[in-house]
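**Student:** build me a structure from this.
(one chain, ligands or ions: 1)
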Amino acid sequence: MGGGLVSGDVDLSTGLGGVALRNPVLLASGTCGYGTELSPFIALEQLGGIVAKSLTLAPRAGNLPPRITETPAGMLNAISLENVGVDAFVREKLPALPAAVTVLASVFETELERYAEVCKRLDGVERVAALELNASCPHVKAGGIEFGQDPRVLAELVRTCRRATTRPLLVKLSPNVTSIAEMARVCEGEGADGLSLINAVQGLLVDVHRRRTVLRNGLGGLSGPAILPIALRMVFQAARAVKLPICGIGGIASGEDAVAFLLCGASAVQVGTITYTQPGAGIEIRDGIEAYCRQHGVARVRDLIGALEPWPAG
Ligand SMILES: Cc1cc2nc3c(=O)[nH]c(=O)nc-3n(C[C@H](O)[C@H](O)[C@H](O)COP(=O)(O)O)c2cc1C
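**Tutor:** Here you go, the predicted structure:
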């Protein structure tokens, strides 16, 4: 492909199930708080958007520490969905964000009816561009992962939440499943508008000297560069199984990482762990995608979606 595009002429706009995004880079749920923590330091409105920390019906305390640790190529966490609760988010956190920031709300609960109630409370909130159902937290004792691991339970969850909201509904899938394609089809069949994948991969670390798990919870969620190939594989397989737009997540640390997700079929991406060492990473990744497009003569970022080339036969 030839180069030759001049500055400013790459169209970075994209979309996710009815949500228009000014560019494909969002910050991942749980890694950017409610945005308010970051907005004094980063121009969040220059990103495609943010996905706020998962919200439950009532405020929720997290696990006791140690609940976060480094791994050779990432992070293991068992925060366990500590959050202020949906009403405080709507009342206090959302109005404190600059108006130009596109906000997606993430919904988590431990029972079906409670998931639906959180969706209902967010339904009429104008600032919320879409809901992302967290059906996949890898280290919560009640709820969490089992909603995302059994296709029948996942179907019931998506059906129930679909009835509870008119907003665009994305479902965030767990990588801790046998067939991501099957789970993607379940979501499509129940009326989801898009998929986000992946959440963290279940992991465990051991302190051999104390003969204890490093995290008090035992299990944690592995995120960061270690999970990038797993996430790419799952986006690739899900994109071939359904027509739904996909938001790719997992270990993205550069514009080229993000482009790889787009080529595998993602319409947008979310970045998480990298922001702990580089708070401005989202904007650098957006710039990296733009630089890639210019270098390869791509006028519209949408042209990259699913554009992976097959190897020649033989
Ligand atoms: C500290 C931490 C907290 C997280 N909290 C949430 C959460 O509340 N809801 C959710 O859907 N995902 C949560 N995640 C998962 C991320 O949104 C993302 O799916 C995962 O970290 C993979 O992306 P990454 O490798 O870019 O971090 C959390 C991840 C981390 C590291």
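
**Student:** show the pLDDT at the residue of the stretch 151-300 of the chain found nearest the ligand.
**Tutor:** Here the residue of the stretch 151-300 of the chain nearest the ligand is residue 272; by CB to the nearest ligand atom that distance is 2.6 Å. Where C-beta positions appear, they are placed from N, C-alpha and C, glycine not excepted. pLDDT recorded at residue 272 is 98.

**Student:** number of nearby residues for it?
**Tutor:** By other CB atoms under 10 Å, the residues close to residue 272 number 26.

**Student:** show me the contacts for it.
**Tutor:** 27-31, 223-224, 249 (CB atoms under 8 Å, 6 or more residues apart in numbering).

**Student:** need the buried ones from those residues selected in ChimeraX.
**Tutor:** To isolate the buried ones among these in ChimeraX, judged by 16 or more other CB atoms under 10 Å, type:
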select :27,28,29,30,31,223,224,249
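
**Student:** of the contacts of residue 272, which are in range of the ligand?
**Tutor:** Among these, the residues that sit close to the ligand (CB under 6 Å from any ligand atom) are 28-31, 223-224, 249.

**Student:** so what's residue 16 bridging to?
**Tutor:** As for beta bridges, residue 16 partners with residue 19 under DSSP bridges.

**Student:** isn't it right next to residue 266, touching?
**Tutor:** No - if you go by CB atoms under 8 Å, residue 16 and residue 266 don't touch, sitting 9.5 Å apart.

**Student:** pull up the overlap in contacts between those two.
**Tutor:** residue 247.

**Student:** looking at those two, which is more packed in?
**Tutor:** Taking neighbours as other CB under 10 Å, residue 16 and residue 266 compare with residue 266 leading, 32 against 28.

**Student:** and that one, what element?
**Tutor:** Under DSSP states H and E, no helix or strand contains residue 266.

**Student:** same check on the one 4 residues further on?
**Tutor:** Element membership for residue 270 (DSSP H and E) is strand 268-271.

**Student:** and for residue 80?
**Tutor:** With DSSP H and E as the criterion, the answer for residue 80 is that it lies in no helix or strand.

**Student:** try residue 259
**Tutor:** helix 255-263.

**Student:** what is the neighbour count of residue 208?
**Tutor:** Neighbour count of residue 208, defined by other CB under 10 Å: 6.

**Student:** same question, residue 65
**Tutor:** 12.

**Student:** contact residues of the stretch 51-200 of the chain facing the ligand?
**Tutor:** 53-54, 75, 77, 79, 81, 106, 134, 172, 199-200.

**Student:** could you dump those to CSV with neighbour count, secondary structure and pLDDT?
**Tutor:** Converted to CSV, those look like this (neighbours: other CB atoms under 10 Å; DSSP: H, G, I helix; E, B strand; the rest coil; pLDDT from 0 to 100):
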residue, neighbour count, secondary structure, pLDDT
53, 24, coil, 97
54, 25, coil, 97
75, 23, strand, 97
77, 24, strand, 96
79, 20, coil, 91
81, 24, coil, 89
106, 24, strand, 98
134, 30, strand, 95
172, 28, strand, 97
199, 29, coil, 95
200, 29, coil, 95
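
**Student:** could you tell me the end-to-end distance of stretch 303-313?
**Tutor:** End-to-end distance of stretch 303-313 (CA to CA, to the nearest Å): 24 Å.

**Student:** nearest to residue 44 among the contacts of residue 272?
**Tutor:** residue 27 (7.7 Å; CB to CB).

**Student:** hmm, residue 48 and that closest one touching each other?
**Tutor:** No - using CB under 8 Å, residue 27 is not in contact with residue 48, being 9.1 Å away.

**Student:** so which bits of the helix holding residue 259 are buried?
**Tutor:** In helix 255-263, counting by 16+ other CB under 10 Å, buried: 255, 257-263.

**Student:** just give me the closest of those residues to residue 35.
**Tutor:** residue 258 (20.0 Å).

**Student:** the residue nearest to that closest one when sequence neighbours are not counted: how many residues sit nearby?
**Tutor:** Computed as CB to CB, 6 or more residues apart in numbering, the closest residue to residue 258 that is not its neighbour in sequence is residue 269, at 4.8 Å. Residues lying near residue 269 (other CB under 10 Å) number 30.

**Student:** do a quick rundown of the helices in the stretch 151-300 of the chain.
**Tutor:** For the stretch 151-300 of the chain, the helices defined by DSSP state H, counting those that start in this stretch occupy 151-164, 180-189, 228-241, 255-263, 274-277, 281-295.

**Student:** now the last one against helix 255-263, angle please.
**Tutor:** Taking axes from the mean of the first three to the mean of the last three CA atoms, to 10 degrees, one finds that helix 281-295 is oriented at 70 degrees with respect to helix 255-263.
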